[in-house]
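> Okay, here's the prediction I keep looking at, along with the sequence it came from:
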Amino acid sequence: MPVKRVDKTPMPERDAVLRSHDFGEVNEGYGIAHAQFEAERCLRCQDPICIDGCPVRVPIPDFVHKVASGDMRGAAEVLRSSNPLPAVCGRVCPQEVQCEEQCSVGIRFKPVAIGYLERFVADWEMAQPPIDVTVKLDRAEKVAIIGSGPAGLVCAGELARLGYPVTIFEALHAPGGVLRYGIPEFRLPKDVLDWEIDQLRKLGVEIVCNVIIGKTITMDELMGEMGFSAVFIGTGAGLPSFMGIPGENLNGVYSANEFLTRVNLMRANDFPNADTPVMVGRRVAVIGAGNTAMDTVRTALRVGAEQGMIVYRRSDQEMTARVEEHHHAIEEGVEFHWLTNPIEVLGDEDGWVSGLKCVRMELGEPDASGRARPVPIEGSEFVMPVDNVVLSIGNKPNPLLLQTTKGLESNKWGCLVVHDGSSETSREHVFAGGDAVTGAATVILAAGAGKTAAQEIHEDLRS
Ligand SMILES: Cc1cc2nc3c(=O)[nH]c(=O)nc-3n(C[C@H](O)[C@H](O)[C@H](O)COP(=O)(O)OP(=O)(O)OC[C@H]3O[C@@H](n4cnc5c(N)ncnc54)[C@H](O)[C@@H]3O)c2cc1C
Ligand code: SF4
């Protein structure tokens, strides 16, 4: 079948000036005509290498072909058979470095917009009248899931479908993990997440919030008097790293996790109607250049900052944020200070941030990560006047569960150790997956780990 169009069908987007003042979704999604037009660009390759680029091996040409032929229900069934969170992944997965990077059409033209099509199908499914998804939870063994991020949610759904009574314990007051408290509404509307969580509740999964396993309830209690036969740990990597530079304890310095949680979970953008404020001045500098940093700086603009700045010690070539996020941030007026390394946060006499002292960098030889090592340029120090500094330089797993639970092995980065190629931890009947094992990674990898773990828990309980 010949390629009908050279260019990817563009995603309709809201105007950058209007959207940078509210939390409405930036991408508006394809209509049916867009979707079918785009789906027809797929060649249905004999060797569909796009599938190799997908961490959960979605049968991409099958669902894309069903879109082209107008069989949306069929497309939704194919998608869900391998990806339990398509509406989320269609919005936040880095397709440009996964399936779309492999797509054969991309050799000569722009690749098929697999991610946009995934989102279209998932949104179509959400708009249909609800279907009965109830299953019989008639197995004797109960399973506990710790953490309600993508790893925990997917693991719970798969186990419920296998007939196990499942309870998710979540430390925060609402489920979803980073999908709720980290990724802002303008990229992932909360009603999309709520719909996915509702499907789990309809399956019979119980979700108990405001419970910290390791503190409110111990692992021994879960597996002892509470009678859970197996446990899945999906506690993520929510502990922020700091730079250790002078001035980090001044008023007006946040970690990106705290900043985003205040807005996304505690609704600080609606203060004083909501209880929690976020103190944002005129000029906000965000340190780092990953997805979290882009989400933070764009959120800062939406909660009142006039100037949002990314400060990063390497260049745009080494940033880890998605291309789309970077592009949207540029459109919304974010300033980028590449090759700039903060060395001190400066404060005024009342203890509030007044500036960020930085040094200019140049790129040297590649370091252990394979990326060019940034080297300070002597005598190039300067001060940026800023009112807030937000650190977005990485996260580690929270050590609480490890500190309070016997028999769980961790590595030097604080990640849970699992047996080679499986999700089994060093403690019997305890499994783990997602960021708690890999360190900060991606939604689809966490979801995939939850799915694999569910199968392994099933085998463990059956043996
Ligand atoms: C701001 C931000 C933007 C991101 N953007 C993207 C993106 O665009 N695309 C992408 O693919 N990935 C993105 N990521 C990464 C992605 O969100 C994570 O890799 C993914 O959410 C990890 O899933 P998880 O289930 O392992 O953990 P999490 O989502 O972190 O969920 C863990 C849950 O466990 C709970 N918990 C922790 N300890 C306990 C305990 N002791 N008891 C009970 N509950 C506990 C936590 O409260 C949390 O709700 C982003 C991350 C951040 C922070
Ligand atoms: S590689 Fe591209 S063209 Fe080929 S099947 Fe996959 S999406 Fe279609």
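Done, it's in. What you are looking at is a predicted structure, and each value in this text was computed from that prediction instead of being measured. Ligands and ions are numbered 1, 2, ... in the order given.
> For R139, which three-state class applies?
What DSSP: H, G, I helix; E, B strand; the rest coil gives for R139 is coil.
> which residues touch it?
Neighbour list for R139: L162, G163, Y164, P165, L461 [criterion: Cβ atoms under 8 Å, 6 or more residues apart in numbering]. (C-beta placed from N, C-alpha, C; glycine too.)
> Inside helices: which ones of these?
Those of those mapping onto helices are L461, per DSSP state H.
> By neighbours, which of the contacts of R139 wins?
Y164 (25 neighbours; other Cβ atoms under 10 Å).
> Now do the same for that residue: its pLDDT.
Looking at Y164, its pLDDT is 97.
> For the chain, what lies in contact range of ligand 2?
42-45, 48-50, 60-61, 64, 103-105, 112, 114 (Cβ under 6 Å from any ligand atom).
> Separate out the buried members of these.
C42, P48, C50, I60, P61, V64, C103, S104, V105, V112, I114 (16 or more other Cβ atoms under 10 Å).
> Go through the residues you listed and flag which are in helices.
Those of these lying in helices (DSSP H): I60, P61, V64, I114.
> quick revisit: and of the contacts of R139, the nearest to ligand 2?
L162 (30.7 Å; Cβ to the nearest ligand atom).
> For the closest residue to that closest one other than its chain neighbours, grab phi and psi.
Residue nearest to L162 in three dimensions, not counting chain neighbours: H458, with 5.3 Å by Cβ to Cβ, 6 or more residues apart in numbering. Per-residue torsions, H458: phi -60, psi -50 (degrees, to the nearest 10).
> residue ranges of the helices in the stretch 201-350 of the chain, please?
For the stretch 201-350 of the chain, the helices defined by DSSP state H, counting those that start in this stretch occupy 219-223, 256-264, 291-302, 323-331.
> Quick one: residues contacting E25.
Neighbouring residues of E25 by Cβ under 8 Å, 6+ apart: R14, E185, F186, R187, P189.
> Tell me which of those residues fall in helices.
Using DSSP H, none of the contacts of E25 sit in helices.
> Quick one, which of the residues you listed are buried?
E185, F186, R187, P189.
> my guess is the third one meets R19, correct?
No - R187 sits out of contact with R19 when judged by Cβ atoms under 8 Å, with a separation of 11.2 Å.
> What degree of burial does the residue nearest to L162 show, as a neighbour count?
For H458, the neighbour count with other Cβ under 10 Å is 19.
> can you tell me which residues contact it?
L159, L162, Y164.
> swap in D275?
By Cβ under 8 Å, 6+ apart, the contact set of D275 is M266.
> Can you tell me the closest non-neighbouring residue to I49?
Per Cβ to Cβ, 6+ apart, closest to I49 is Q102, 4.6 Å.
> Now for the contacts of R139: which two are most distant?
Largest separation among the contacts of R139 by Cβ to Cβ: P165 and L461, giving 11.9 Å.
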